[in-house]
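Undergrad: Coordinates for the following, if possible.
(chains A and B)
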Amino acid sequence: MTTLHAFRILSAALVLGAALLSPLSAWAGSCCGGGVATGLILPKYARSMIDMSFDMEKYHGFWDLDGKVTPDPPGSDLRQYRLNAGYAQRLASEWQAGILVPYIWNDNTYSGLSSRTDGIGDMTINIWYEAVDDTSAWKIRNLKDLTPSILVGASLLIPTGISPYDDVNNSFDVTGRGFYRLDGNLYIDKTLQPWNASLALNYGTHLERSVNREFGNYVEPYRKKLGDRTSALISLSYTYYIGTAGDKLTGSTSFSYLREADGTIDGVRDPTSGFRKEAVALSILYSSTDHDWSVRTAWSHAVREDGWGENFPITDVYSLGVRYVFR
Amino acid sequence: MCSVKKGFLFLLMVLLAGCGGMMDDLAPSGSDKRPAVIPGTTGPFVGQNAPDFTLPDTVGTSVTLSSVITTTGLQGAVLYFTMWCPICDAHMNNMQSNVLPLYPNVRFFLVDYVSGSVSDAANAQIIYGYAGSGFTVLADTNQTVLNLYQATMGTTVVVDASGVVRMNEDYKDGVRLQNALAGLP
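TA: Numbering: from 1, shown residues only, chains lettered A, B, ... in the order given. Sure thing, here's the model as predicted:
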């Protein structure tokens, strides 16, 4: 593993981390729960990594079932803040695992009601296998130089958040969805300095569960399953070297697609539950000369036009993150 | 740096330990734990007499539940609690298409508990396309009815003509609402 190679993987990992921690992160947080997408990837040379980020998500209405933009109620200001704590650990030369835990603050103001609640969100544990390493160079000299890095992984969303099925008073208390979800993840990344392109694909299935309580009130028990989830994220980044010391500034742009199919209640499809969202994002990342420290900021924007989503809130997410890598 | 990592993992454990009620989701129960209710008492639960209330609709007319359900020919009333969110809209849309047309002898109310005034509730009704929809929007500006029925977003209550609560739970896919309405005398 050359130093240059390590830097490339680090760059890719940082970009992916920034991207996955922001555009796909929330799900109707202010009224209906939250969660964080799967995501930390450890650089090849690193033993472990700590990542902390803070998100502010602001709501601007929603897309209805037909994809039509609908504003929030008059006099409303709906926001969610998230502090995301992440840790990744190398298990073997090609294997790594990670954990992400969000803490969520819901802050909702309507013309006739204000609510501020907080609690831990749904946590995610994940494992990656580094199937192929990127052997790219500054110039393409042969076909081998076109080889991307490919990672294959799995993750498990664990319902540690406060869900509608817990002992809660109302929907404003909710910070999680209450369901386990098992995801398969594929990440393909190619660097040709100073450019980098990546593609992240994800398919997840929620596990069916029993429900006997809704917002604190016991109800006749039933079985519920959320729909299968598909997401994709494509990003392009450019790295600018600052001075001669090796500090880097990486700018990225990305497009994300998220779709969740209709869930089921007692095995019967629930036509009110599926949703779709598309978003674009910009991020800037600074990494130190030795690449151990990095900081990033990101803005994920949902386009407020008909057809960019269905049955889902329209939000902007502003993120600030810091990361340290242990060698 | 090892101590930093240990400290970070400790912080994660503290965060996880601080979340009460987590076990309800980690190991969900399918047991029926609904409390037994005493018929004839007043309260929000199925089998109890529905708490009476009076709220203004979006043109300022007072609507009293007990007067509505005793109207000749009516089988009962449905209360749907809305905060005009995506899930609420999906529920209301589903109810409007699949339930309202089947029950002409039932009054359907949308209880708006987030608008602070009748005019804000009226604006919300128009913005979300429910003016002239068959629903009557009630402005619960002080969340009085919300609290009476221990309701929240998506809570759907069915009250029969004799004033007894027949259903009080989340709308979900509307199947249970239809079952409750089909069972009305």
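Undergrad: Helices of the chain, residue ranges please.
TA: The chain I'm using is chain A. A:3-20, A:29-32 (DSSP state H).
Undergrad: try again with chain B
TA: Under DSSP H, chain B gives helices at B:2-17, B:23-26, B:65-69, B:86-98, B:118-127, B:144-148, B:175-182.
Undergrad: Using JSON lines, lay out these together with mean neighbour count, mean pLDDT and distance to A:T250.
TA: No exception for glycine: its C-beta is placed from N, CA and C like everyone else's. Below are the helices of chain B laid out as JSON lines (neighbours: other C-beta atoms under 10 Å in any protein chain shown; pLDDT from 0 to 100; distance: least, C-beta to C-beta, whole Å):
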{"stretch": "helix B:2-17", "mean neighbour count": "13", "mean pLDDT": "59", "distance to A:T250": "25"}
{"stretch": "helix B:23-26", "mean neighbour count": "17", "mean pLDDT": "83", "distance to A:T250": "38"}
{"stretch": "helix B:65-69", "mean neighbour count": "17", "mean pLDDT": "96", "distance to A:T250": "61"}
{"stretch": "helix B:86-98", "mean neighbour count": "21", "mean pLDDT": "95", "distance to A:T250": "35"}
{"stretch": "helix B:118-127", "mean neighbour count": "21", "mean pLDDT": "95", "distance to A:T250": "42"}
{"stretch": "helix B:144-148", "mean neighbour count": "18", "mean pLDDT": "97", "distance to A:T250": "49"}
{"stretch": "helix B:175-182", "mean neighbour count": "17", "mean pLDDT": "96", "distance to A:T250": "51"}
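Undergrad: Let me have these in a markdown table, extended by distance to B:A77.
TA: Shown next, in a markdown table, are the helices of chain B (distance: least, C-beta to C-beta, whole Å):
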| stretch | distance to B:A77 |
| --- | --- |
| helix B:2-17 | 44 |
| helix B:23-26 | 32 |
| helix B:65-69 | 5 |
| helix B:86-98 | 13 |
| helix B:118-127 | 18 |
| helix B:144-148 | 12 |
| helix B:175-182 | 11 |
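Undergrad: which one of these lies closest to A:R116?
TA: Minimum separation from A:R116 across the helices of chain B (C-beta to C-beta) falls at helix B:144-148, 17.7 Å.
Undergrad: can you list contacts of that closest one?
TA: B:P44, B:P51, B:F53, B:L55, B:L79, B:F81, B:V111, B:Y113, B:L138, B:D140, B:A151, B:T152 (C-beta atoms under 8 Å, 6 or more residues apart in numbering or on different chains).
Undergrad: Select, out of the helices of chain B, the one closest to B:N105.
TA: helix B:175-182 (9.7 Å).
Undergrad: I'd like the mean pLDDT over stretch A:237-250, please.
TA: Average pLDDT, stretch A:237-250: 85.
Undergrad: and if you look at stretch A:188-197?
TA: Per-region confidence: stretch A:188-197 scores 89 on mean pLDDT.
Undergrad: what about stretch A:205-224, how long is it end to end?
TA: Terminal residues of stretch A:205-224 lie 13 Å apart, using C-alpha to C-alpha, to the nearest Å.
Undergrad: The spatially most central residue of chain B pairs with what?
TA: In chain B, the residue lying closest to the centroid (C-alpha atoms, centre = their mean) is B:T155, at 2.1 Å. B:T155 has these beta-bridge partners by DSSP bridges: B:D170.
Undergrad: Now do the contacts for it.
TA: A:E214, A:F215, B:L79, B:Y80, B:F81, B:Y149, B:N168, B:E169, B:D170, B:Y171.
Undergrad: Identify, from the contacts of helix B:144-148, the entry nearest to A:E260.
TA: Set against A:E260, the nearest of the contacts of helix B:144-148 by C-beta to C-beta is B:T152 (22.1 Å).
Undergrad: Just the pLDDT for the closest residue to that closest one other than its chain neighbours.
TA: Distance criterion C-beta to C-beta, 6 or more residues apart in numbering or on different chains; nearest residue to B:T152, sequence neighbours excluded, is A:N170 at 3.8 Å. With respect to pLDDT, A:N170 has a value of 81.
Undergrad: now B:G40
TA: Looking at B:G40, the pLDDT reads 93.
Undergrad: Could you report the neighbour count for it?
TA: Counted with other C-beta atoms under 10 Å in any protein chain shown, the neighbours of B:G40 add up to 9.
Undergrad: swap in A:L91?
TA: Every residue meeting other C-beta under 10 Å relative to A:L91 is counted, giving 12.
Undergrad: What pLDDT is listed against it?
TA: 96.
Undergrad: OK, contacts around it?
TA: So A:L91 contacts A:A97, A:I127 (C-beta under 8 Å, 6+ apart).
Undergrad: Now intersect the contacts of B:T155 with the strands, please.
TA: Counting by DSSP state E, the part of these found in strands is A:E214, B:L79, B:Y80, B:F81, B:N168, B:E169, B:D170.
Undergrad: Need the max-distance pair from those residues.
TA: A:E214 and B:L79 (15.3 Å).
Undergrad: neighbour count winner among these two?
TA: Each of A:E214 and B:L79 has its neighbours counted (other C-beta under 10 Å); B:L79 has more, 26 against 19.
Undergrad: Run through the bridge partners of the more buried one.
TA: Applying DSSP bridges, one finds that B:L79 bridges with B:F109, B:V157.
Undergrad: isn't it right up against B:V106?
TA: No: judged on C-beta atoms under 8 Å, B:L79 makes no contact with B:V106 at a distance of 11.2 Å.
Undergrad: How about the residues of the stretch 1-150 of chain A by chain B?
TA: Contact residues, the stretch 1-150 of chain A versus chain B (C-beta under 8 Å from any C-beta of the partner chain): A:28, A:31-32, A:48, A:50, A:62-65, A:70-76, A:85, A:87, A:99, A:101, A:103, A:110-113, A:119-120, A:123.
Undergrad: Could you list which of the residues you listed belong to strands?
TA: With strands taken from DSSP E, the overlap with those comprises A:48, A:50, A:62-63, A:70, A:85, A:87, A:99, A:101, A:103, A:119-120, A:123.
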